[in-house]
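Novice: Test case, fold it:
(chains A and B)
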Protein chains: 2
Amino acid sequence: MRLISLALMCTLLIGCGSETTTSTEATSAQPEKTYNWKLVTTWPKNFPGLGLAPENFAKDVERMSNGRLKIKVYGAGQMVPALEVFDAVSQGTAEVGHGAAYYWKGKIPAGVFFTAVPFGLNAQEMNAWIHYGGGLELWRELYEPFNLIPFAGGNTGVQMAGWFNREIKSMDDIRGLKMRIPGLGGEVISRAGGIAVNIPGGELYTSMQTGVIDATEWVGPYNDRAFGLHQVAKYYYYPGWHEPGPTLELIINKQAYETLPADLQAIVEVAARAANQDMLDEYTARNNAALVELVENHGVEVKQLPDDVIAELQRLSVEVVEEVAAVNPLSRRIADSLKEFAKQSKSYHAISEEAFYNARQK
Amino acid sequence: MRLISLALMCTLLIGCGSETTTSTEATSAQPEKTYNWKLVTTWPKNFPGLGLAPENFAKDVERMSNGRLKIKVYGAGQMVPALEVFDAVSQGTAEVGHGAAYYWKGKIPAGVFFTAVPFGLNAQEMNAWIHYGGGLELWRELYEPFNLIPFAGGNTGVQMAGWFNREIKSMDDIRGLKMRIPGLGGEVISRAGGIAVNIPGGELYTSMQTGVIDATEWVGPYNDRAFGLHQVAKYYYYPGWHEPGPTLELIINKQAYETLPADLQAIVEVAARAANQDMLDEYTARNNAALVELVENHGVEVKQLPDDVIAELQRLSVEVVEEVAAVNPLSRRIADSLKEFAKQSKSYHAISEEAFYNARQK
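Specialist: Below you'll find the model as predicted:
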């Protein structure tokens, strides 16, 4: 019976096919299922850099699938608030989310390891650890109980240390400093006697202007200039010790992903990889130009954190990382994997990327 | 009539669907055209790193297109010799090629700008220039007369300066040095009084062993160890001033690309972008581990080129770049675009990536 019905179907398909290959209507009449997905983000809709990655991802998926997988992107608050993205995708309210793993540290402390570790890996190293150093497998294991499949979803490159209205000459100047700095960087500032707070990006300008905070980190010249932070701060400090290779994430609801046919799964996976690179390319190009403008047209004073401050922040960072590692065995395995990778990477990059930067004339 | 047959087909499809969704035969009976492409490369088949990028690219394209675009990969010499890849794709003998633009410098001198400029951009910067700094548009303009569409097709990261059987204490030690070093790096060595030669990778071991050459650059620890170069050389020098961000290329025959429907074009484009990142990720991870092994298990002596040698090589590099820029107006525009991008990038990376490398403890 089955053989006969298959043969009949094939005959009919071939019979109809010759009439309909050039007709779009006819094509859509073929039984290829179309999927309509929702993507929720932790960024304002179309926010430069961070917010464009999910848009580009959705466009690539739609183009490659010839419209069989359509993904509608919602900015923070349009469907769910920024900090509910993880839960929304976990529960299937939306099929995809875009944000950063360290936003969920209350729920999953080890998530921070997949975004940014102070004095840890930069963008090139994070991408290598995730894709060829065992990172992605650990990340999947971490998110599995939450019904989520994570992918690297972009990188800003090393960030700036931030905007300060107080000069940092020694660790004494960190004590009592009220600074907007989330993640492990914030924990380090707290340990150093500062007051680390988290404030949404859109409120940074006013908070600095009114003196609610003395300092804030955001991203780098491209994004910081867009917020006008140079108008409300005296100094722009580097290097961005707290977030050397901040990695964003694309999270996919597991059931939604498994429902897709294999070709659409591949399209999602490869589009995520491309989006991951694309964001770093964009930041790298636009940060350059934005820094020139900030310095030359807005007279921004760029200052370097003193060596002894850097050394002390690094010492405190080790303690903070150890605290997260100790939370549970999986957290320990992730921290160990990162540590081993960082050890090798530091030793090779000291004679390759770093040595090249130092050899090249400014 | 058509409506009735369509309705009939749909009914039958729905009826059969529940029985046949997992049957490949039923799916392939649909009249979507299948394309079979050939991809020729300048690397031995499945060569680690360099040669795996085209394989991964082909696999991703096939997976994403559900087999509608199949790409068969040929290693160097299997279909055409390594250095005829450009012509073969230009003429349509193969639809795709994978190699490096500086191999065609006899035909297109400005091609070198899209692979590696001594003391120029590293991998992160090359990717940014190509995708957000106007590089890709210039590259397409350069290849347009040859009927080719170029895409960035991978990056090794900054290479090592190479393997030497003569210690380099000053520029005097470069004079008379017979070194395998292609591209603009080779021109620089020639200007410095050395003898730059090009020898295929597979012959490097014997050439070093028999003293035909005194020195050779190849790639970095991962690839160099595979060739056993540590067995035939005394010193392993850094930094890789001559190829800071060597970019590989995927070239597509223009007519072949234009024949594809839009969804398959998008699949080719996004798969290329993913392959481009994937190679850098792989090298970054594997170079780390390979360096550790070379130093700890094989006692390789890693040495740094002296500052005054680096400074002189950099001075000569400016002359060599200027010579290529002067070839024609398009070459000049490409050189100017790179120069302007490098100026901004050096100034931003000095306070971001470079400053972070220097701040981080080894």
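
Novice: Could you list the residues in contact with whichever strand or helix holds A:Ala196?
Specialist: Element membership for A:Ala196, per DSSP states H and E: strand A:195-197. With contact meaning CB atoms under 8 Å, 6 or more residues apart in numbering or on different chains, strand A:195-197 is reached by A:176-182, A:185-187, A:189-190, A:213. (Each C-beta comes from the backbone N, C-alpha and C, glycine too.)

Novice: So which of those residues belong to helices?
Specialist: Mapping those onto helices (DSSP state H) picks out A:Gly185, A:Gly186, A:Glu187, A:Ile189, A:Ser190.

Novice: Most neighbours among those residues, which one?
Specialist: Neighbours here mean other CB atoms under 10 Å in any protein chain shown. Within the ones in helices among the contacts of strand A:195-197, the largest count is held by A:Gly185, at 28 neighbours.

Novice: Got the phi and psi for the closest residue in space to that residue that isn't next to it in sequence?
Specialist: With sequence-adjacent residues excluded and distances taken as CB to CB, 6 or more residues apart in numbering or on different chains, A:Gly185 is closest to A:His242, at 2.8 Å. When read as degrees, to the nearest 10, the backbone of A:His242 gives phi -80, psi -30.

Novice: for the stretch 101-250 of chain A, which spans come out with low pLDDT?
Specialist: Judged against pLDDT under 70, the stretch 101-250 of chain A has no low-scoring part.

Novice: who in it is up against chain B?
Specialist: When proximity is defined by CB under 8 Å from any CB of the partner chain, the stretch 101-250 of chain A lies next to chain B at A:119, A:122-125, A:127-133, A:157-160, A:220-221, A:238-241, A:244.

Novice: Out of these, which sit inside helices?
Specialist: Reading helices off these with DSSP H, I get A:Ala123, A:Gln124, A:Glu125, A:Asn127, A:Ala128, A:Trp129, A:Ile130, A:His131, A:Tyr132, A:Pro221.

Novice: Of those residues, grab the buried ones for PyMOL.
Specialist: Written as a PyMOL command, the selection of buried residues from these, which uses 16 or more other CB atoms under 10 Å in any protein chain shown, is:
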select buried, chain A and resi 123+124+125+127+128+129+130+131+132+221
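
Novice: From the ones in helices among the residues of the stretch 101-250 of chain A next to chain B, pick the one nearest A:Asn165.
Specialist: Nearest to A:Asn165 among these is A:Pro221, at 18.4 Å by CB to CB.

Novice: per-residue confidence at the residue nearest to that closest one when sequence neighbours are not counted?
Specialist: Among residues not flanking A:Pro221 along the chain, A:Ala290 sits closest, at 3.7 Å (CB to CB, 6+ apart). A:Ala290 is assigned a predicted lDDT (pLDDT) of 94.

Novice: distance between the helix or strand that contains A:Leu330 and the chain's centre?
Specialist: Using DSSP H and E, A:Leu330 sits in helix A:329-349. With CA atoms, centre = their mean, to the nearest Å as the basis, helix A:329-349 stands 19 Å off its chain's centre.

Novice: So what touches that helix?
Specialist: For helix A:329-349, using CB under 8 Å, 6+ apart, the contacting residues are A:109-110, A:113, A:117, A:120-121, A:125, A:128-129, A:133-135, A:138, A:141-142, A:321-322, A:324-326, B:221, B:284-285, B:287-289, B:291-292, B:357, B:360-362.

Novice: which ones among those are found in helices?
Specialist: Among these, the ones falling in helices (DSSP H) are A:125, A:128-129, A:135, A:138, A:141-142, A:321-322, A:324-325, B:221, B:284-285, B:287-289, B:291-292, B:357.

Novice: In PyMOL, how would I select the buried members of those residues?
Specialist: Typed into PyMOL, the line below selects the buried ones among these, using 16+ other CB under 10 Å:
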select buried, (chain A and resi 125+128+129+135+138+142+321+324+325) or (chain B and resi 221+284+285+287+288+289+291+357)
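
Novice: ok, for A:Ala275, nearest residue in space, not its chain neighbours?
Specialist: Using CB to CB, 6+ apart, the nearest residue to A:Ala275 is A:Phe57, at 4.2 Å.

Novice: what does A:Arg166 give?
Specialist: A:Asp214 (5.2 Å).

Novice: My guess is the one you found contacts A:Lys178. True?
Specialist: Yes: applying CB atoms under 8 Å as the test, A:Asp214 and A:Lys178 come out as touching, 5.0 Å apart.

Novice: that older thread, helices and strands around the helix or strand that comes right after the strand holding A:Ala196, which ones?
Specialist: Sequence order places helix A:204-209 as the next helix or strand after strand A:195-197, per DSSP H and E. Applying 3 or more CB pairs under 8 Å, 6 or more residues apart in numbering or on different chains; DSSP states H and E, one finds that helix A:204-209 contacts strand A:215-216.

Novice: And for the strand it packs on, what's in contact with it?
Specialist: By CB under 8 Å, 6+ apart, the residues outside strand A:215-216 that reach it are A:162-166, A:177-181, A:199, A:204, A:207-208, A:229, A:233.

Novice: do stretch A:258-273 as well
Specialist: Residues outside stretch A:258-273 that contact it (CB under 8 Å, 6+ apart): A:33, A:35, A:57, A:60-61, A:64-65, A:68-69, A:151-153, A:250, A:252, A:257, B:60, B:63-66, B:267, B:270-271, B:273-274, B:277-278.
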